[in-house]
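Colleague: Model the structure of this input:
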Amino acid sequence: MKNQSKLQSFGELQQARVIALFSLVGMSITFVMMCFAVKNANSILAISLLFASVVYGLAFYLVNNKNKVKLSSYIIIYSLYALMLYLVYSGGVASTGPLWIFIVPPVSLYVHGLRRGLINIAVFVLLICLIMFIPQSFYAHAIYPIEFKLRLLYSFLTISFLSALYEYSRSELYNKALELNKKFHRLAHYDDLTGLHNRRDAQLKLNEQIAVADVSKPFSILLCDIDFFKLVNDKYGHSAGDAVLTELSQVFKTSLRETDYVARWGGEEFLFILAQTDQTEAFDVAERLRCTVFQHPISLDDEDIRVTISIGIKQYNPQLTLDQLINHADKALYEAKRLGRNRSLPTP
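Modeller: Residues are numbered from 1 along each chain as shown. Next comes the predicted model:
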């Protein structure tokens, strides 16, 4: 739906902005850290940070100039994993490198979502455990006190849990917003009883049709009314009347061409918009609808009844306003009912 697509597009735009901002901040921070590493004569760390800064700069360029949001997010998150693992392995400056790993959970969950983000975090935890707890005899790596390693892991897991809780809440709120938007869109554009488009949506559709109308192949409208509908309500009750409206709505939808449009105009009235259809062709469509309805039995209280419809027909021409177009079709409908109902009548 159009409004739902707008909301999803807004969410995608918001994500692109966050990715761009994170890329820019990551590029700036790693560049500053690289300068400190150069000052401290730590050439390996400086090269690693310079490489990370370039990667973040590439990610920023891709999302900001090429609109490659997904590719940029992958570059960011996996380069972040690599940098954090290196800082844990090397110790960074004065063995403070592992303290940077706390930025992993929120970024990972935001980029990958809850399920995949948690899987990646679990793999990341496994890798840093392997780095920190495997004895030095296997390979050389930074040495940390056991108390530091355990508290680092406890804190990281706590931050991961809180980040997952936040991401779950954010995702739930976003999904609920999409559902509400979908519900409001349906209420605004569809009739709750019949499932057809409603009057408001039909007016929008008519305005769109008028804006693109082709003089060589105009469109036509049908204004349809169920004959003696009040008698159905009086005899069988309003719930039976609702059943008749619902049943006929299904008949209309299955009887029309793919390019045609039908809406509940109000009460027992229906409006049809026939694209690229002149008045003669519209009359043929109206007659087919009228005959189909007449031949379609409707079961009410173990009794099959048949209802009829009257139809007013009007072809659009550029001299008519929307109100005039509807009024012409309404007058034709009134005349069809005056002449005895169960008939289709075009305007002169």
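
Colleague: what domains does the record give for this protein?
Modeller: Residue ranges for the structural domains of the chain, counted by automatic domain parsing, are given in the record as 2-186, 199-346.

Colleague: Now tabulate these in TSV and tack on mean pLDDT.
Modeller: As requested, these are arranged in TSV below (pLDDT from 0 to 100):
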stretch	mean pLDDT
domain 2-186	85
domain 199-346	92
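
Colleague: so where do the strands sit in the protein?
Modeller: With strands called from DSSP state E, the chain shows them at 220-226, 261-266, 269-274, 298-300, 303-305, 309-315, 344-346.

Colleague: circling back to that earlier point, kindly reformat the domains of the chain as a markdown table containing distance to residue 193 and mean neighbour count.
Modeller: In short, each C-beta sits where N, CA and C put it, glycine included. Converted to a markdown table, the domains of the chain look like this (distance: least, CB to CB, whole Å; neighbours: other CB atoms under 10 Å):
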| stretch | distance to residue 193 | mean neighbour count |
| --- | --- | --- |
| domain 2-186 | 13 | 16 |
| domain 199-346 | 6 | 17 |
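
Colleague: Next, format those domains as TSV and append distance to residue 192.
Modeller: Output for the domains of the chain, formatted as TSV (distance: least, CB to CB, whole Å):
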stretch	distance to residue 192
domain 2-186	8
domain 199-346	10
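
Colleague: ok, back up a step: wait, which of the strands of the chain is closest to residue 84?
Modeller: Set against residue 84 and scored by CB to CB, the strands of the chain come closest in strand 261-266, at 56.5 Å.

Colleague: Check what contacts the closest one and list those residues.
Modeller: Contacts to strand 261-266, defined as CB atoms under 8 Å, 6 or more residues apart in numbering, come from residues 191, 193-194, 196-199, 201-202, 205, 223, 245, 249, 252-253, 256, 270-275.

Colleague: cool, and stretch 206-215?
Modeller: Stretch 206-215 is touched from outside by 219, 221, 273, 275-276, 316, 318, 322, 325, with contacts defined as CB under 8 Å, 6+ apart.

Colleague: Wait, residue 131 touches residue 86, no?
Modeller: No. Under the criterion of CB atoms under 8 Å, residue 131 lies out of contact with residue 86, with a separation of 9.5 Å.

Colleague: tell me the contacts of the nearest residue to residue 171 once chain neighbours are set aside?
Modeller: In space, residue 171 comes closest to residue 114 once its chain neighbours are excluded; the distance is 6.2 Å by CB to CB, 6 or more residues apart in numbering. With CB under 8 Å, 6+ apart as the criterion, the residues that contact residue 114 are 164, 167-168, 171.

Colleague: from the contacts of stretch 206-215, which is closest to residue 227?
Modeller: Within these, the smallest distance to residue 227 is 19.4 Å, found for residue 221 (CB to CB).

Colleague: And the helices in the stretch 151-300 of the chain?
Modeller: Ranges of helices within the stretch 151-300 of the chain are 199-211, 229-236, 238-255, 279-294, based on DSSP state H, counting those that start in this stretch.

Colleague: With distance to residue 100 as extra columns, can I get these in CSV?
Modeller: Compiled in CSV, the helices of the stretch 151-300 of the chain are given as follows (distance: least, CB to CB, whole Å):
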stretch, distance to residue 100
helix 199-211, 54
helix 229-236, 73
helix 238-255, 60
helix 279-294, 70
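
Colleague: For the closest residue to residue 308 other than its chain neighbours, give me its contacts.
Modeller: Among residues not flanking residue 308 along the chain, residue 342 sits closest, at 3.8 Å (CB to CB, 6+ apart). Applying CB under 8 Å, 6+ apart to residue 342 gives the contacts 227, 290, 294, 308-310.

Colleague: Good, we can wrap up now.
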